[in-house]
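Asker: Below are the sequence and a predicted model for it; my questions follow.
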Amino acid sequence: MSKNVIFCYSGTGNCLDMAKNIAKRLGDTDIVMMRRQPAVTDVTGAERVGFIFPCYGGGLPGDVEFFARQVKISPNAYTFGVVQFAGYPGNGLRMIDDIVGLDYWTAMSHQCGYIVLFPHQMMLPPMSPAMAQKRSERTAEKIAENVLAGRESGGRPPLYRLNRLEYRGWPAIVALKAKNFLVDPARCVGCGQCAEICPTGNIRMTPAGTPAWGRNCYQCVSCLQYCPQQAISLGGPTEKRERYHNPNVSRRRAQPGRYPYRLKKNTRLSEGGYFSAHFAFPAKELSTSFVKSTHWLCSSTPAVSITVSSRSSEDCSITGVAFHASMSL
């Protein structure tokens, strides 16, 4: 295990980008995503453990609270938390502090990912995406310096009672919004990217080749923001509002069989860049079982590794893997 571990949730990529920038400055850091069940929860060997996430409904996004309660941290580890928001920070930091106890915490605003409510430029203070990105990178540098120095915030994150009420009503709001997804059949090309990127598996592709949504939705709106054809909306103002996702985080699909590797028993697989989605090997080429991952496990080297429990040294290829040279959702 690396010396540092950052647990991260990201919808439009801003938090993942910040986690990557902090990890780069810290060095020897793994980024474990929390969009789905984390690939790693026992991090008792880490010296520093961080949590980076956006504000959803006045609190934590998705199942992050549930996942955070599964994380095992050494009592001697230094812990830190960062929340990103458009208008207000909410109670996410306080919730994480209740679970793990944060030595250092901070908050910063960024472009609004939830364009259901506001255009993405509607952030406080107002600024362009380019300016917000530069500020995020500077802030990540400062946060990393504070973490390396072991600075403490000297108190608990604030508790906002109005946001507590908002968070209690958030599941009902999400359930209503989940019914409003629309797809423009004239734009949709049936690529299936929305279904692949959905953290809850809430999107299925119909026989007609268009997406259909269920009700198990986080309202991360990754499907809307990352649709290459801008074919997805939530009705109303989202049909005309400009899409946004972090410029350094993309969702690209690899062609099956493009990345050959020679594997040996208990060999760690690495390649520059970040992998996500399914690691799938042809069954006929496997001597025994292997570790499948439908989660994100990133490293700041940059590299991503999976371990094959037992494998002959024959050449084989990774199939069905999402790959990009920088980062990918």
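Answerer: The structure has been received and is ready for your questions.

Asker: show me where the stretch 51-200 of the chain has helices.
Answerer: Per DSSP state H, counting those that start in this stretch, the stretch 51-200 of the chain carries helices over the ranges 64-68, 92-100, 129-149, 161-177, 193-197.

Asker: could these be laid out in CSV, adding distance to residue 13?
Answerer: All C-beta spots, glycine's among them, are computed from the backbone N, C-alpha and C. Formatted as CSV, those follow (distance: least, CB to CB, whole Å):
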stretch, distance to residue 13
helix 64-68, 16
helix 92-100, 18
helix 129-149, 11
helix 161-177, 20
helix 193-197, 11
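
Asker: Can you pull out the low-pLDDT segments for this protein?
Answerer: 251-329 (pLDDT under 70).

Asker: domains of it?
Answerer: 4-161, 172-239, 253-329 (automatic domain parsing).

Asker: Nearest to residue 247, out of those?
Answerer: domain 4-161 (6.4 Å; CB to CB).

Asker: Distance across that closest one, terminal residue to terminal residue?
Answerer: 33 Å (CA to CA, to the nearest Å).

Asker: Stretch 73-93 too?
Answerer: End-to-end distance of stretch 73-93 (CA to CA): 17 Å.

Asker: From the chain's centroid, how far away is it?
Answerer: Remark: stretch 73-93 is offset 15 Å from the chain centroid, using CA atoms, centre = their mean, to the nearest Å.

Asker: what's around residue 98, how many residues?
Answerer: By other CB atoms under 10 Å, the residues close to residue 98 number 16.

Asker: now residue 144
Answerer: Counted with other CB under 10 Å, the neighbours of residue 144 add up to 21.

Asker: Quickly note the distance from it to residue 179.
Answerer: As judged by CB to CB, to the nearest Å, residue 144 and residue 179 stand 42 Å apart.

Asker: contacting residues around residue 190?
Answerer: By CB atoms under 8 Å, 6 or more residues apart in numbering, the contact set of residue 190 is 205, 209, 210.

Asker: Weed out the non-buried ones from these.
Answerer: Buried members of the contacts of residue 190, counted by 16 or more other CB atoms under 10 Å: residue 210.

Asker: Verify the contact between residue 245 and residue 15 for me.
Answerer: No: in this structure, residue 245 is not within contact of residue 15 by CB atoms under 8 Å, at 11.6 Å.

Asker: Which one of these two is surrounded by more residues?
Answerer: Neighbours per residue (other CB under 10 Å) separate residue 245 from residue 15, with residue 15 holding more: 28 against 24.

Asker: can you pull the contacts of residue 202?
Answerer: 178, 213, 214, 215, 216, 217.

Asker: can you name the two of those that are farthest apart?
Answerer: Pairwise over the contacts of residue 202, using CB to CB, the maximum falls at 213 and 216, 9.2 Å.

Asker: In terms of neighbours, single out the busier of these two.
Answerer: Remark: of residue 213 and residue 216, residue 213 carries more neighbours, 20 against 14, as counted by other CB under 10 Å.

Asker: looking at the sheet around the more buried one, what are its partners?
Answerer: When assigned by DSSP bridges, residue 213 has beta-bridge partners residue 203.

Asker: from here on, count from 15
Answerer: OK, 15 is where the count begins now, so the last one is residue 227.

Asker: I'd like to know how far it sits from residue 169.
Answerer: For residue 227, the distance to residue 169 - CB to CB - is 42 Å.

Asker: and if you look at residue 141?
Answerer: 29 Å.

Asker: More neighbours: which of the two?
Answerer: The neighbour count for residue 141 versus residue 169, taken as other CB under 10 Å, is higher for residue 141 (16 against 8).

Asker: Quick check: that one touching residue 148?
Answerer: No: counting by CB under 8 Å, residue 141 stays clear of residue 148, with 9.2 Å between them.

Asker: which residues sit in contact with residue 196?
Answerer: 246, 247, 248, 249, 253.

Asker: ok, the third one - how many residues close by?
Answerer: Pointing back at residue 248 there. 20.

Asker: Look up how far residue 93 lies from the nearest residue to residue 171 once chain neighbours are set aside.
Answerer: Excluding its sequence neighbours, the residue lying closest to residue 171 (CB to CB, 6 or more residues apart in numbering) is residue 107, at 3.6 Å. Distance, residue 107 to residue 93, using CB to CB: 11 Å.

Asker: what sits in contact with each of the two?
Answerer: With CB under 8 Å, 6+ apart as the test, residue 107 and residue 93 both reach residue 116.

Asker: Which one's more surrounded, these two?
Answerer: residue 107 (26 against 20).

Asker: Residue 169 is in contact with the more buried one, correct?
Answerer: No: checked against CB under 8 Å, the pair residue 107 and residue 169 is beyond contact range at 11.4 Å.

Asker: So residue 84 is in contact with residue 57, correct?
Answerer: No: between residue 84 and residue 57 there is no contact under CB under 8 Å: 10.7 Å.

Asker: one step back: what is the nearest of the contacts of residue 216 to residue 67?
Answerer: Relative to residue 67, the closest of the contacts of residue 216 is residue 231; by CB to CB it sits at 17.4 Å.

Asker: For that closest one, give me phi and psi.
Answerer: Note on residue 231: backbone dihedrals following degrees, to the nearest 10 are phi -120, psi 140.
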